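Enquirer: Could you look at this predicted model? Sequence included:
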Amino acid sequence: MIVPNFEHQQHAHCESGVTANLLNYYKVPISEPMAFGIGAGLFFGHLPFLKINGTPGTTFRTWPGAIFKRVTQRLGITMHTEKFRTPEKAMEALDRALENHIPVGMQTSVFYLPYLPEAFRFHFNAHNLVVYGKEGNEYLVSDPVMEVATRISAEDLAKARFAKGAPEPKGFMYYVIDAPKKTDYEKAVQQGIKQTCFFMMSPPVPWFGNKAIFLLANKIKNYPKKLTQRKAALYLGNIIRMQEEIGTGGAGFRYLYAAFLQEAAEMMKRDDLQQYASELTKIGDNWRSFAYHAARQMKNRQTDLVSFDELSDLLRKCGDEEKVFFKKMEHIKW
Amino acid sequence: MNVNEVPQDPLHYKERDQLKKKMYAVDKDGKYTGVNSVGWEAENAATKQAWDEVEQSLAETEAKVKAGEMSPIAYFMEKNLMDLPLLAKYAGKWQWQVKKHLKPEGFARLSPDMMQRYAQIFNISVETLTGFGK
């Protein structure tokens, strides 16, 4: 069973990539940046008290599942979503959908995907991929981070769909039931931009949105005083990995979002959005510069007060610029 | 970032350089486009460091298992990049129960069924599990 004409495209990020690949199959043309922007994927958060493998959590994107949900809602697409109690039931449901020639999106762990380089395979349970066929005991997989489509054994896929640990996939799968012939992209773009501005600027707590960048900058300043060298290096390493390692398109999704603004500018013939895109590209370059220097500090492993101060300042600069950026974008007249 | 600035720094470690990720960069006309990248020095350093940490800690645990201070479960838990809460979820046990199994005394009292379950979680045979560190 193979879904005819399903086209695999490589993307930077798994969730916006799956969204684009699935919707394109249903003749709702959408690029990855568009999906990311309409789904208000851009974010920042730093949670010092939420330790993941002993390091504080940092995120550059919105919570898992949100992008897909918002895009389909905003474009008026009817979806079927389902979770399961057992792997048997989950695999049966997948087979049934494939028999009806439906490509199926699903949430999986990264750890149990043998086709990914081992270097990336940690216990991260919010990965997304599309299964578009089955041959013998193997499933045909379109994983957006991969250059080409690949295959996975039924046993491995079942494991990946039922990995333990938050966020537990529980076999979560989703597919398109109905897509409208005409979609209002412009309205969806507006809603996406408004929501991103809201999430970046309005949280009244220090851990989310633009404020969290300054929180992290303050924490980094204190790393040499509060942490051992090994810990400080690990904490920095974790921020770099969240910003650059798997599927952000560079600079913690900032380039991806700038690409969205540029595409929206062309679609809606608005020069101001093109201007915003260029500004965000420059901000992205500053994030890259922060990561570059953080990596040098990390490898050095010398508790050098000056350079941690400088790192903190580099981050603060990103925070300051994004503050101005989102404050201005919040007031766009549509 | 311009298209010609997209780093191409390979990391020959755990197949990392086999995946060329997609990056977004600006071409000479100022337009965003996708560019494949084999890796970036800064990102590679962070990836490598995370694994070095895993391997250093794993070597420490291995020594403890051989010295009879910890059980093989402790070793294979780390080898599979799990921590106590995660392993407890896979085993379907409370954390305090699994904690006992991380010690040689608790390990010695494991039922054949439970031993089998651990072996399955770690994707190894029961013999490999019981024989480790001997």
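Expert: It's in.
Enquirer: Spell out which parts of the stretch 201-334 of chain A neighbour chain B.
Expert: Along the stretch 201-334 of chain A, the residues adjacent to chain B under the rule CB under 8 Å from any CB of the partner chain are A:233-234, A:236-238, A:240-241, A:244-247, A:249-251, A:255-256, A:258-259, A:262-263, A:277-278, A:281, A:284-285, A:288, A:291-292, A:294-296, A:298-299. All C-beta spots, glycine's among them, are computed from the backbone N, C-alpha and C.
Enquirer: and these, which are buried?
Expert: Neighbour counting over those (16 or more other CB atoms under 10 Å in any protein chain shown) leaves A:233-234, A:236-238, A:240-241, A:244-247, A:249-251, A:255-256, A:258-259, A:262-263, A:277, A:281, A:284-285, A:288, A:291-292, A:294-295, A:298-299 as the buried ones.
Enquirer: that older thread, in helices, which of the residues of the stretch 201-334 of chain A next to chain B appear?
Expert: By the criterion of DSSP state H, membership of these in helices covers A:233-234, A:236-238, A:240, A:255-256, A:258-259, A:262-263, A:277-278, A:281, A:284-285, A:288, A:291-292, A:294-296, A:298-299.
Enquirer: so how far is stretch A:57-73 off the chain centroid?
Expert: Distance of stretch A:57-73 from its chain centroid, counting by CA atoms, centre = their mean, to the nearest Å, is 7 Å.
Enquirer: Need the distance between the two termini of that stretch.
Expert: Stretch A:57-73 has an end-to-end distance of 29 Å (criterion: CA to CA, to the nearest Å).
Enquirer: buried ones in that stretch?
Expert: Under 16+ other CB under 10 Å, the buried positions of stretch A:57-73 are A:57-62, A:64-68, A:70-72.
Enquirer: From the residues you listed, pick the one nearest chain B.
Expert: Nearest to chain B out of these is residue A:58 (CB to the nearest CB; 12.0 Å).
Enquirer: Can you give me the domain assignment for the chain?
Expert: Reading this off chain A. A:14-30+A:78-178, A:185-330 (automatic domain parsing).
Enquirer: think we crossed wires, I meant chain B
Expert: Taking automatic domain parsing as the reference, chain B has its domains at B:3-39, B:52-131.
Enquirer: List the contacts of residue A:214.
Expert: Residue A:214 is in contact with A:206, A:316, A:319, counting by CB atoms under 8 Å, 6 or more residues apart in numbering or on different chains.
Enquirer: Tell me the secondary structure of residue 81, please.
Expert: Just going to use chain A. strand (DSSP: H, G, I helix; E, B strand; the rest coil).
Enquirer: You answered for a different chain; I wanted chain B.
Expert: coil.
Enquirer: Wait, it touches residue A:120, no?
Expert: No - Residue B:81 is not in contact with residue A:120 according to CB atoms under 8 Å; the separation is 11.8 Å.
Enquirer: Give me the more crowded residue out of these two.
Expert: Neighbours per residue (other CB atoms under 10 Å in any protein chain shown) separate residue B:81 from residue A:120, with residue A:120 holding more: 22 against 16.
Enquirer: Quickly note the distance from the nearest residue to the more buried one once chain neighbours are set aside to residue A:145.
Expert: Leaving aside its sequence neighbours, residue A:120 sits nearest to residue A:246 (CB to CB, 6 or more residues apart in numbering or on different chains; 5.8 Å). Between residue A:246 and residue A:145 the distance, using CB to CB, to the nearest Å, works out to 7 Å.
Enquirer: Name the residues contacting each of these two.
Expert: residue B:21.
Enquirer: State the pLDDT value of the spatially most central residue of chain B.
Expert: Centroid-nearest residue in chain B: residue B:81, 3.4 Å away (criterion: CA atoms, centre = their mean). Listed pLDDT for residue B:81 reads 96.
Enquirer: cool, residue B:74 as well?
Expert: 98.
Enquirer: just checking: which of the buried residues of stretch A:57-73 also lie near chain B?
Expert: Within the buried residues of stretch A:57-73, nothing lies near chain B by CB under 8 Å from any CB.
Enquirer: Which of those fall within helices?
Expert: Per DSSP H, the subset of those in helices is A:66-68, A:70-72.
Enquirer: Say whether chain B is contacted by stretch A:36-44.
Expert: No - using CB under 8 Å from any CB, stretch A:36-44 stays clear of chain B, coming no nearer than 10.0 Å.
Enquirer: Off-centre distance for that stretch?
Expert: Per CA atoms, centre = their mean, the centroid offset for stretch A:36-44 relative to its chain is 8 Å.
Enquirer: CA atoms of that stretch as PDB?
Expert: C-alpha atoms of stretch A:36-44 as PDB (Å, rounded to 0.1, in the frame of the first residue of the first chain):
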ATOM      1  CA  PHE A  36       5.600  28.300  10.500                       C
ATOM      2  CA  GLY A  37       4.400  31.900  10.400                       C
ATOM      3  CA  ILE A  38       0.700  31.200  10.200                       C
ATOM      4  CA  GLY A  39       1.100  28.700  13.000                       C
ATOM      5  CA  ALA A  40       2.900  31.400  15.100                       C
ATOM      6  CA  GLY A  41       5.800  29.100  15.700                       C
ATOM      7  CA  LEU A  42       8.300  31.700  16.900                       C
ATOM      8  CA  PHE A  43       8.800  32.100  20.600                       C
ATOM      9  CA  PHE A  44      11.300  32.200  23.400                       C
END
